[in-house]
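A.B. asks: Here is my input; please provide its structure:
(one chain, ligands or ions: 1)
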Amino acid sequence: MGYSIKRECLQMILEASKEHYPMEFAALLSAKNKVIDELVLIPGTVAGDAHAIFHMWNAPVDFSIVGTVHSHPSHSARPSDADLAFFSDNGPVHIITAMPFDTDSWRAYDAGGNRITLQLVDRGLPNSVQF
Ligand SMILES: [Zn+2]
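C.D. replies: Numbers count the residues shown, from 1 in each chain. Have a look, this model is predicted:
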């Protein structure tokens, strides 16, 4: 079973991407039961060049972190070579948003840079089994 993301979390990502334009926005993704529900901002690096930010990041000991998200200040959500290099070391789910930062202009990738589908989960939906 794959990962999914809460709709409100995706909206937060798209808004932050818009706010930071033309800078890049970058954060870590946190999940519970494979549902991404939280953004973890990287201390001291709220906005800037995501590719530089992720190089500075040392993985926190937090097993809820499942991957990364960053924005591209362009119309391409394709991962760059630098993106692919850090995807491979930083978890199974990576989101890239691109202009105009709407619900159609984001893509998700696995650690190998292959496109994956994230299901959107609405708040209040009786979704998963609780463990
Ligand atoms: Zn990138």
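
A.B. asks: Have a look at the protein and report the helix or strand with the lowest mean pLDDT.
C.D. replies: One helix or strand of the chain scores below all others by mean pLDDT, DSSP states H and E: strand 47-48, with a mean of 56.

A.B. asks: confidence score at the nearest residue to D110 once chain neighbours are set aside?
C.D. replies: Leaving aside its sequence neighbours, D110 sits nearest to I116 (C-beta to C-beta, 6 or more residues apart in numbering; 5.1 Å). C-beta here means a position set from N, CA and C on the backbone, and glycine is covered the same way. I116 is assigned 97 on the pLDDT scale.

A.B. asks: ok, the closest residue to the ion within the chain - how many residues close by?
C.D. replies: Among the residues of the chain, D83 lies closest to the ion, at 4.1 Å counting by C-beta to the ion. D83 has 20 neighbouring residues, counting by other C-beta atoms under 10 Å.

A.B. asks: Could you list every helix and strand in contact with the helix or strand containing it?
C.D. replies: For D83, the host element (DSSP states H and E) is helix 81-87. Judged by 3 or more C-beta pairs under 8 Å, 6 or more residues apart in numbering; DSSP states H and E, helix 81-87 is in contact with helix 50-56, strand 65-72, strand 93-98.

A.B. asks: Compare the ones you listed and say which comes out lowest on pLDDT.
C.D. replies: Taking the mean pLDDT of the helices and strands packed on helix 81-87, helix 50-56 comes last: a mean of 62.

A.B. asks: got a list of contacts for the host helix or strand of E19?
C.D. replies: Here E19, judged by DSSP H and E, is contained in helix 7-20. If you take C-beta atoms under 8 Å, 6 or more residues apart in numbering as the criterion, helix 7-20 is touched by 25, 27, 36-39, 46-47, 69, 71, 95, 97, 101-103, 106, 120-123.

A.B. asks: Repeat the analysis, applying 6 Å as the threshold.
C.D. replies: 25, 36-37, 47, 69, 71, 97, 101, 120, 122 (C-beta atoms under 6 Å, 6 or more residues apart in numbering).

A.B. asks: how far out from the middle of the chain is stretch 68-86?
C.D. replies: Centroid separation for stretch 68-86 versus its chain: 10 Å, with C-alpha atoms, centre = their mean, to the nearest Å.

A.B. asks: Many thanks, I have nothing further to ask.
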